[in-house]
Each structure stands twice: as structure tokens, then as C-alpha cells.
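Student: what would the 3D arrangement of this be:
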Amino acid sequence: MRLRSGISPAAEPARQGSRGQRLVRVPRTLGVEAHVKGPVFHGQSRALSRTELHRQLGPTIRAWLVAAGRWRTDARYGQFRSVAFFFKPTRDTHLFVQFWSEPGEPLCCQVSSGRTDPPTRHWLGPDRAERIRAFGFEIGGDAENFERHLIIESPKDFGVLARSVIDVLYAALDYRGQGPLKVELVAGVHIPAPRVFDGFTPMQIVEAMTRHGQRLLRIEDDDESPVLHFRRRGIDTAIELGARSENTRSFRTAGLICELEPSADDVARLTENTSRLAPPGATPVVRLGTTLEFGGGVAIGWLHERIGEWNRMISGYRREQRKKVTVAGAVQPSQWVH
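Tutor: Residues are numbered from 1 along each chain as shown. Reported below is the predicted structural model:
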């Protein structure tokens, strides 16, 4: 599921449990930063079956997963959320199933491995470790926990994921509901070091342009210099990619071109200077253009800034045009305007 929405400490009122503990509930409003921690299930004196755990814990776990994994479409880059379900089978052993979520990224799921905690590693042993692997997990990440990545494609996936959490707790970690199950949800913003690119693929350019309101019209595919055609607010932009990187589909330059009907002032000015060069019946046009070079290495944010500047430039020129009367049929060659 493509992940979308934020978290604030304003949670629903907790309710009193049978053992005097207060169960925490999913926050009503989700802001950018939050930290919520507490029990979501008190535990019972007798062991519960897998079916009973699904019935009693399923809706609760699903609600917390939705809070952590569903993002609004305008979520800022760098936001993150983490939600962990944990319990202690013995005094010194701390087990968890945790999810790490960022906007537009696959959901990262982790299960305790004990790699950095000898008591947990001893309790898991080779048998429980193999049961965790049976759910598709492998050791990964800086903390060397069991890890796998999941893509959320629809709201139904959260229900399926909640069932999987309970299955891992029951079948791999031997949780039978005889102790409290707790949750910890953290939300915040981190600023990772920007990834630097020395070239972009056509699809990366398409994705960046569409994020800035440019609609893809067509692609003139060419191995060495494909041309991408876009339209925004009635103005067409063509992007010619060049300087292809060896053995890749990545290109190190992008030439942006836009042709607009000139104003009367433009026609008069250009006619005065180039009337002898224009063939009879030439169509007047002003061509705006710029070339972006990526060979020295640029971050994706840099590319978005340049596209934003391009949109503002062509929109600004169009506004100036509308303040003047355009002249059709003037004899005038094309001109680059930078």
C-alpha cells in the first residue's frame, strides 16, 4: 500500500483495565511529532489460542498499524513513524515486532533477533529463530534484527498485516496472551543526507515533472536522446535527454524547451533585427530554453528546485504576454530566450 498521514500526543482517553492498568489507544489527531507508550492488552491467567488472540487483539493492532503506516498525500519528506508491539516472556527478555514507516516508502518490519542482547538471543535459540525466518524474515539493518519490507497497496492490507503480527507473536515468539502486550509509537522528522545523482532516467524525470503539475503527453523514445513532452496550464514543455551514461538508461543532461506565441513588442523588436533572415510566411514564435547538467552530481531536491524555477519562468512570461496584444502572421524566426 502506498503509505499516507502524522501523530500528536493528543490520544483518546484511556480506559481502566481489569488489573487497574490503563490501556492506551490510538491518538485521535496525528501531528508531525508524538511519543505514545503503554499496554494495549492486559493479559489473562490462562493461555489463549491463536483464534482467541486474533479476536481480541486483531482490531487493536490494525488501528495502530494504520496510525503508523497511512500517510497524507502532502506528507513532508523526512517524516517517519515507528510502532512496536512488545512483551517480556521472562524478566530479562524483551521481544518485539516493530514497523518503520516513511511517506512513499515500503513498510520495514523487524522482529527481535537478540544479536545485541544475549538474554534475548539465548531465549530465542535456533528453534524460534527458524520459526521467525519461516515468515520471510532475514537478518538485516544496522541493529541486525530479523527484517523484511512490505508494500501497502490498499486499506485491506492493514488487516492482513495485523493478522500476520499476531501469527508471528503466537507461532514464532510463543506469546499466549498470559502477560501484557505493550505498544510504543514514535513520530518525528529526520533529515537524511541527500542522495547525489550524476544522471537521471526518463522515468525519474517524469516523476519529478508530474510532482510539479506537469502532465506527461508522450515520450519519443530514443536510446541516445529520448524526448519527453509535457503540458501544464496550456503550455507545452519538451525535455530532450542527452549524454547517456555508459551501459545504463541514465542521462547526464536535460534540455527544457517551450515555444510560445510572441507579444507585439517581441515581434517588433525581433523583426527590426532579423527581418532579412526570416523567410516569407514564417510563423512568429518565442522559444524559452535551458539546459540542466547532472554530471557533477546533484541531489533530487536540486532537480525539483530547477523544475519549480522553470514553471515560474514560463508562467511569468505568459502573464506578461497577456498584458500585451499579440500579433499573428508577422514574419519572424524562432529565437532562444534564456
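Student: centroid-nearest residue for the protein?
Tutor: The centroid of the chain falls nearest to residue 104 when counting by C-alpha atoms, centre = their mean (2.2 Å).
Student: residue 80 versus that residue, what's the distance?
Tutor: 12 Å (C-beta to C-beta, to the nearest Å). Glycine gets a C-beta too; all of them are placed from N, C-alpha and C.
Student: before we move on, what about residue 144?
Tutor: From residue 144 over to residue 80 the distance is 20 Å, taken as C-beta to C-beta.
Student: now do residue 175
Tutor: 27 Å.
Student: can you check residue 100 too?
Tutor: From residue 100 to residue 80 the distance is 7 Å (C-beta to C-beta).
Student: who has more neighbours, the two?
Tutor: Taking other C-beta atoms under 10 Å, residue 100 and residue 80 do not tie; residue 100 has more neighbours (21 against 16).
Student: ranges for the strands of the stretch 151-300 of the chain?
Tutor: Secondary structure of the stretch 151-300 of the chain (DSSP state E, counting those that start in this stretch): strands at 181-189, 196-197, 215-220, 227-232, 235-244, 251-260, 286-293, 298-299.
Student: same list (these) but as JSON lines, adding mean neighbour count.
Tutor: JSON lines is the format used below for the strands of the stretch 151-300 of the chain (neighbours: other C-beta atoms under 10 Å):
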{"stretch": "strand 181-189", "mean neighbour count": "19"}
{"stretch": "strand 196-197", "mean neighbour count": "14"}
{"stretch": "strand 215-220", "mean neighbour count": "12"}
{"stretch": "strand 227-232", "mean neighbour count": "18"}
{"stretch": "strand 235-244", "mean neighbour count": "18"}
{"stretch": "strand 251-260", "mean neighbour count": "19"}
{"stretch": "strand 286-293", "mean neighbour count": "16"}
{"stretch": "strand 298-299", "mean neighbour count": "16"}
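Student: can you redo these as CSV with mean pLDDT?
Tutor: CSV is the format used below for the strands of the stretch 151-300 of the chain (pLDDT from 0 to 100):
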stretch, mean pLDDT
strand 181-189, 94
strand 196-197, 84
strand 215-220, 93
strand 227-232, 94
strand 235-244, 93
strand 251-260, 91
strand 286-293, 88
strand 298-299, 86
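Student: who does the longest helix seen in the chain touch, helix- and strand-wise?
Tutor: The helix spanning the most residues in the chain, taking DSSP state H as the definition, is helix 300-322. Under the contact criterion of 3 or more C-beta pairs under 8 Å, 6 or more residues apart in numbering; DSSP states H and E, helix 300-322 touches helix 202-211, strand 235-244, strand 251-260, strand 286-293.
Student: make it 7 Å
Tutor: helix 202-211, strand 251-260, strand 286-293 (3 or more C-beta pairs under 7 Å, 6 or more residues apart in numbering; DSSP states H and E).
Student: with only the CA atoms kept, save the shortest one in PDB.
Tutor: It stands for strand 286-293. Presented in PDB, the C-alpha positions along strand 286-293 are these (Å, rounded to 0.1, in the frame of the first residue of the first chain):
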ATOM      1  CA  VAL A 286       9.400  32.800 -28.900                       C
ATOM      2  CA  ARG A 287      11.300  29.800 -27.600                       C
ATOM      3  CA  LEU A 288      12.300  29.600 -24.000                       C
ATOM      4  CA  GLY A 289      15.000  27.100 -23.100                       C
ATOM      5  CA  THR A 290      17.500  26.000 -20.600                       C
ATOM      6  CA  THR A 291      19.900  23.000 -20.100                       C
ATOM      7  CA  LEU A 292      20.300  21.200 -16.800                       C
ATOM      8  CA  GLU A 293      23.600  19.300 -16.300                       C
END
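Student: sheet-wise, list the partners of it with their directions.
Tutor: strand 251-260 (antiparallel), strand 336-337 (parallel) (DSSP bridges).
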